[in-house]
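S.K.: structure, please.
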Amino acid sequence: MSDPTGKYSITMPRDIAEAAKARSGTSGLSAYVAAAVARQIERDNLNELVAVAEAEHGPITDEEIQALRDQLHQARKEQARSGADAA
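M.R.: Residues are numbered from 1 along each chain as shown. This is a model prediction of the structure:
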């Protein structure tokens, strides 16, 4: 069972609304907008976590970010390779 829904009235620029409507497909504009808002909430939560971590440990350096991106890229390559081996 899904969460209860509510009906809301929002205002947004017409060009954004039309683009969203065109992309929403069969799921509909409401589902498309709800997914976009959910992604924004996730980003806001992550930004809050980063702010707390930086307040406690200092700012994250560009080098640290790049090292983590490299690790993620390597893990994805290994995952793709292991998935291809299993097939």
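
S.K.: centre-most residue in this protein?
M.R.: R39 (4.5 Å; C-alpha atoms, centre = their mean).

S.K.: ok, that residue to A84 distance?
M.R.: Using C-beta to C-beta, to the nearest Å, one gets 30 Å for the distance from R39 to A84. (C-beta placed from N, C-alpha, C; glycine too.)

S.K.: please apply the same query to A36.
M.R.: 33 Å.

S.K.: Q71 now?
M.R.: Q71 sits at a distance of 21 Å from A84 (criterion: C-beta to C-beta).

S.K.: same deal with A19?
M.R.: 36 Å.

S.K.: compare those two (neighbour count), which wins?
M.R.: A19 (11 against 8; other C-beta atoms under 10 Å).

S.K.: quick one: what helix or strand has N47 in it?
M.R.: Following DSSP states H and E, one finds N47 within helix 29-57.

S.K.: what's the closest non-adjacent residue to K21?
M.R.: Sequence neighbours aside, L29 is the residue nearest to K21 in space, at 5.1 Å (criterion: C-beta to C-beta, 6 or more residues apart in numbering).

S.K.: tell me the contacts of that neighbour?
M.R.: A17, A20, K21 (C-beta atoms under 8 Å, 6 or more residues apart in numbering).
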